[in-house]
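**Student:** Take this sequence and fold it.
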Amino acid sequence: MTQKSMPGLFLAVGMGLALTIAARAQTPEPLAPLPLTVALDAPRVVLGQRLFHDPKLSDQGQRSCASCHPLDSGGMDGKVRAAAADGASRLRNTPSLFNVSFNYFFNWDGVVTTLEAHTEKVMLNPKIMNAKWPELIERLRAVPDYVDAFSRIYPDGLTKANVVDALSHFERSLVTPNARFDRFLRGETTALDADEQEGFHLFKALGCVACHQGVNLGGNLFQKFGVFGAPQGLQEPVDEGRYSVTGNDRDRGVFRVPSLRNVAVTAPYFHDGRAATLEAAVDTMAEHQLGKRLAAKQRDTIVKFLKTLTGEYACKALVASQSANQPSHDRDFLAAQIDRRRSVAGLDLSLVTKRQPGTGAA
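**Tutor:** Next comes the predicted model:
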């Protein structure tokens, strides 16, 4: 190579590097921070909260929505599999309800596509709440405070549709902003340390972000569990996943990709709760979804990043569930809330902004 050609080479390399940097700068970030506020109707949120914690919604009056989704922890019960109402049925692992409104599909098999349909399906499921609408409405109408509250909020009062609407309204308020990763995405570069930023880089470079993207880092598509071979520890009977909804052979073993929001406090993991730790879950995903075996340092770096996804609820950072050792707070909550009549004590309304007129029910 002649000396005359060297300047041209340097120029070409320099231009190529500049174009690469510019392309990276213009590439849209596949992840987005949670909103700091949500536009909801506060009275419906308060009413929905009362319903959410009320065992009257179940057939035997023994469990509420909060029984499986305790909000003083990760929004899930911390059990390998949810406890069935009949004590015998084999259910899946309980997903967290925090940030549920940002999902496009619901339940592990994506059987419904709206939060309202999901809410009603869980209530009527004989293995979970086993509610029956005529009896449920009768039980609620026997409580004068409920009748009054529904009459003040809804023109047609206490109806099936309005019970679902109030519950769904409250569930839409379960947003957990201010995770350190969200602050990082908003420009606070010091919110993540060097190892956590490297974990974020690996998360994208290895391909995790292909499925776990968007504002919820998941919840908006489906994937086969075990693209590169079936993960170890499969439990019988084999869960067919989305096949039970569609009947299509291609959907055997396919499940909704879960959100990674607050993943550090929602163990155990996967539809059957097989992974007890975040480290085990990351190793399983790398090997069986991406076809890669991670070095321990790589895995631990990704775990450090995932721990930055823990947000806040009621102005406090979320903590992990204590599973079966955690006492139920349903009746204590009702004593503190319903008997106070319209009290909003303990409800985090700091995220709720007034909904604009004409937007209809959420």
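
**Student:** Only C-alpha atoms from now on, for both contacts and neighbour counts.
**Tutor:** OK.

**Student:** which stretches of the stretch 101-250 of the chain have low pLDDT?
**Tutor:** 233-236 (pLDDT under 70).

**Student:** Mind jotting down where the strands sit in it?
**Tutor:** With DSSP state E, counting those that start in this stretch as the criterion, the stretch 101-250 of the chain has strands at 222-224.

**Student:** quick one: the helices in it?
**Tutor:** 115-124, 133-141, 144-153, 160-172, 180-185, 194-205, 243-246 (DSSP state H, counting those that start in this stretch).

**Student:** Quick one: closest of those helices to residue 264.
**Tutor:** helix 180-185 (13.0 Å; CA to CA).

**Student:** on contacts alone, who are the packing partners of the closest one?
**Tutor:** Using 3 or more CA pairs under 8 Å, 6 or more residues apart in numbering; DSSP states H and E, no helix or strand is in contact with helix 180-185.

**Student:** How far away from the center of its chain is it?
**Tutor:** Put simply, helix 180-185 sits 18 Å off its chain's centre (CA atoms, centre = their mean, to the nearest Å).

**Student:** thinking again about what came up before, ok, which of the helices of the stretch 101-250 of the chain comes nearest residue 95?
**Tutor:** helix 115-124 (12.5 Å).

**Student:** So for the closest one, what gets flagged as buried?
**Tutor:** 115-116, 118-124 (16 or more other CA atoms under 10 Å).

**Student:** Can I get the helices of the stretch 101-250 of the chain in CSV including distance to residue 91?
**Tutor:** As requested, these are exported to CSV (distance: least, CA to CA, whole Å):
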stretch, distance to residue 91
helix 115-124, 12
helix 133-141, 23
helix 144-153, 32
helix 160-172, 22
helix 180-185, 32
helix 194-205, 30
helix 243-246, 14
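
**Student:** quick one, which of the ones you listed is nearest to residue 279?
**Tutor:** helix 194-205 (13.0 Å).

**Student:** Tabulate the buried residues of helix 115-124 (TSV), appending distance to residue 296.
**Tutor:** Listed next are the buried residues of helix 115-124 as TSV, based on distance: CA to CA, whole Å:
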residue	distance to residue 296
115	39
116	42
118	39
119	40
120	43
121	42
122	39
123	43
124	45
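
**Student:** of those, closest to residue 321?
**Tutor:** Once CA to CA is applied, the member of those that ends up nearest residue 321 is residue 122, at 21.0 Å.

**Student:** The closest one is in contact with residue 129, isn't it?
**Tutor:** Yes: checked against CA atoms under 8 Å, the pair residue 122 and residue 129 is within contact range at 6.6 Å.

**Student:** Burial check on the closest residue to residue 133 other than its chain neighbours, number of neighbours?
**Tutor:** Setting aside the residues directly before and after it, residue 133 is nearest to residue 160 in space (CA to CA, 6 or more residues apart in numbering), at 6.9 Å. Residues within reach of residue 160, counting by other CA atoms under 10 Å, total 13.

**Student:** Could you do residue 194 as well?
**Tutor:** 12.

**Student:** how far away is it from residue 314?
**Tutor:** When CA to CA, to the nearest Å is the yardstick, residue 194 and residue 314 sit 29 Å from each other.

**Student:** do residue 303 as well
**Tutor:** Residue 303 is 25 Å from residue 314, where distance means CA to CA.

**Student:** which residues touch residue 311?
**Tutor:** Taking CA atoms under 8 Å, 6 or more residues apart in numbering, we find residue 311 in contact with 176-180, 261-262, 317-318.

**Student:** Swap in 7 Å and give it another go.
**Tutor:** For residue 311, the contact set (CA atoms under 7 Å, 6 or more residues apart in numbering) comprises 176-179, 262, 317-318.
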